[in-house]
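>>> Okay, structure incoming, though there's no sequence with it:
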């Protein structure tokens, strides 16, 4: 089964392969440690047959786990055994301090083979984690969050307030799909965390939304590794409320309704990410757009784009600072045979450095991009005297004046006719 067939198989393929794998894990579910640190959702009455309403039992298990972790010096591991747990209203984890104690002990929600099966129809989120304290070392591992379309977001981290924090967190091996809003939503003082090998697909909103808190809080230093964002109704991933310090490594963005990634205040790093056939809601190729929407600044290394439908470029960017692209490629076929690498625009101050990239660059207005290698042999630099990417030979600047003559000056040129011409008597 190739990648596209696996993606098309969706939930059926996922659930078909999960029970045997989860059952094997369940034989040896935990690393060595004190048994008193382990809490099982089944001890609170959770059934996991997909029929019984497990909301109250799961809520009791979550509350007991985090309360216990706060009361003593050790963390807790909540185990949700393999099964489908019907949920009829929002499960909530409310992280608060107790006296001087902060929820900073390692607390784990482990759910290999466990599915939170939403039966929420009032627009409420499925699982919501809200911090009113300094909250550290939270790990959510192996859980599937399955929406039906009538709920809100799938997994929510809320830290939209001053003097409250969520950091040193890890999300690993999650599946969040079919939700009525975003799959994952992180807003506020959330930083220094990682998301590994997780799957955000077929959500009506974005696959993931990450942003600063409108009422206070900065989201930063979040790193995403090997995740898939596909088939979502809007963006695969969106950085909102001026957030920019998020990096994506080895992730894949495909068949989303709009952009694979939208980052309107920039994005720290995209490395080895793929963008395929996004903008599925566009009418045709002419109405489509790029895999990545970027403003202000960004760095792309080893990223690829491929389209046979409506995705027009790997990147569309309005740069006011600096863009770097290294070793990126873009190609198209069928209806998208005119797909290219990038469409770049600037406010007059932005600049770009493009090294070893393939696929062609379109510029809008006066935009200078220094290009080395790639589609054309050699190098290409800005030609006007005030270009941001002039050729520099030591202290000397080279440019082409309005008459087509090559000019040189030691130091920065002050006008088109500054310096002296090269190669004339």
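Structure's in. What do you need? Quick caveat, the model's predicted, so the values are computed rather than measured.

>>> The strand of greatest length in the chain: partners in the sheet, and parallel or antiparallel?
The single longest strand within the chain, with elements called by DSSP state E, is strand 313-326. Paired strands of strand 313-326, with direction, are strand 292-301 (parallel), strand 340-346 (parallel), strand 351-355 (parallel) (DSSP bridges).

>>> what's the average pLDDT for that strand?
Mean pLDDT, strand 313-326: 95.

>>> How far off centre is stretch 317-335?
17 Å (CA atoms, centre = their mean, to the nearest Å).

>>> quick one: the closest residue to residue 340 other than its chain neighbours from residue 401, how far?
Leaving aside its chain neighbours, residue 340 sits nearest to residue 360 (4.1 Å; criterion: CB to CB, 6 or more residues apart in numbering). Using the backbone N, CA and C atoms, a C-beta is placed for each residue, glycine as well. With distances taken as CB to CB, to the nearest Å, residue 360 is found 28 Å from residue 401.

>>> go on, residue 128?
Going from residue 128 to residue 401 by CB to CB gives 62 Å.

>>> cool, residue 393 as well?
Distance from residue 393 to residue 401, by CB to CB: 17 Å.

>>> When the two are compared, which one has more neighbours?
Between residue 393 and residue 401, residue 401 has the larger neighbour count (other CB atoms under 10 Å), namely 18 against 9.

>>> where are the low-confidence patches of this protein?
1-35, 73, 99-100, 366, 368, 370-383, 388-389, 424-425 (pLDDT under 70).

>>> ok, which stretches of it are helices?
Assigned by DSSP state H, the chain shows helices spanning 3-27, 55-71.

>>> so what does the shortest one touch, helix or strand wise?
By that I understand helix 55-71. strand 38-40, strand 76-79, strand 83-87, strand 91-95, strand 107-110 (3 or more CB pairs under 8 Å, 6 or more residues apart in numbering; DSSP states H and E).

>>> rerun at 6 Å
strand 76-79, strand 91-95 (3 or more CB pairs under 6 Å, 6 or more residues apart in numbering; DSSP states H and E).

>>> Looking at the ones you listed, which one is packed in the most?
Ranked by mean neighbour count, the helices and strands packed on helix 55-71 are led by strand 76-79 with a mean of 22 (mean count of other CB atoms under 10 Å).

>>> Could you tell me how far the residue nearest to residue 340 is located from residue 233?
Relative to residue 233, residue 360 is positioned 30 Å away (CB to CB).

>>> hang on, the earlier thing: could I get the helices and strands packed on helix 55-71 as JSON lines with distance to residue 107?
JSON lines is the format used below for these (distance: least, CB to CB, whole Å):
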{"stretch": "strand 76-79", "distance to residue 107": "5"}
{"stretch": "strand 91-95", "distance to residue 107": "9"}
